[in-house]
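> test case, fold it:
(one chain, ligands or ions: 1)
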Amino acid sequence: MWRLLGCTFCLFVSLQPGFWRGWAAAEELEGEVKIEVLFKPLHCSPKSKKGDLMNIHYDGFLAKDGSQFYCSRTDKDGHPQWVVLGIGRIIKGLDMGMVDMCPGERRKITVPPALAFGEQGKGSEPVPPNATVIFEVEAFSVSRGPRSMEAFGNMDVDNDKSLSKDEVKEYLKVEYKREGKPREESFFDKVVEDIFRKNDNDRNGQISVKEYNIYRHDEL
Ligand SMILES: *[C@@H]1O[C@H](CO)[C@@H](O)[C@H](O)[C@H]1NC(C)=O
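All right, here's what the predicted structure looks like:
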């Protein structure tokens, strides 16, 4: 409850008219992402890389005056958020600043406007134009992302760099069984049809690396 009040208050302060005046000129427009490790567990593993799925909390502050504009601990009922690293779903500066991060690690990541909300800012949160922002990020889990090339390799049994319906189906069966949720044949047929409808863009009955690898990992 305290947290909730805290965040609401921050938002309120940021909206005060005085806050908006004359600050932009003072902002730094260029620069790089600055990473400060606030806490690192003794056993720091696995370390995040591009394409990984991360479960995190993050608070956002304006560098200018330290006012808080985002609180993931109160947003979405306070559940930590799932993000896929390095695919442009989060701001660039976080994609860069959260690399090599392990579960339990906390970082303070300072992001220049060009790698954050840019010249536009972000009205809803709110972040004014050209703002350098600071995120305090806590990672809870790091795992291979939904479309890791590791998974592709496991599916591609005949190693021809493309996935047939049978290959995808076999993989799904194994995955569901591993998670203790075996299903009948018709279930998998339906899922596979759906996957191919959404991903086999050239309709050749195979999912190529390009069709699969929409997050453009560097591997392979
Ligand atoms: C933000 O920076 C750009 C590039 O320097 C500048 O053209 C623009 O006027 C700035 N916007 C504000 C609101 O200061």
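
> tell me the helix or strand right after the lowest-mean-pLDDT helix or strand in the chain.
Lowest mean confidence among the helices and strands of the chain (mean pLDDT, DSSP states H and E): helix 17-20, at a mean of 32. Proceeding N to C from helix 17-20, the next assigned helix or strand is strand 34-39, under DSSP states H and E.

> can you name every helix or strand that that next one contacts?
When contacts are defined as 3 or more C-beta pairs under 8 Å, 6 or more residues apart in numbering; DSSP states H and E, strand 34-39 packs onto strand 106-111. In short, each C-beta sits where N, CA and C put it, glycine included.

> let me see the mean pLDDT of the strand it packs on.
The average pLDDT within strand 106-111 is 97.

> quick one: list the elements packing against that strand.
Judged by 3+ C-beta pairs under 8 Å, 6+ apart, the packing partners of strand 106-111 are strand 34-39, helix 92-97, strand 133-143.

> in the protein, where is pLDDT below threshold?
Within the chain, the stretches with pLDDT under 70 are 1-30, 76, 146, 214-220.

> quick revisit: of the helices and strands packed on strand 106-111, give the one that comes closest to the ligand.
Taking C-beta to the nearest ligand atom, strand 133-143 is the member of the helices and strands packed on strand 106-111 nearest to the ligand, at 14.3 Å.

> what does that closest one rub up against?
38, 46-48, 52-63, 66, 69, 80, 93-94, 97-98, 101-111, 113, 116-117, 127 (C-beta atoms under 8 Å, 6 or more residues apart in numbering).
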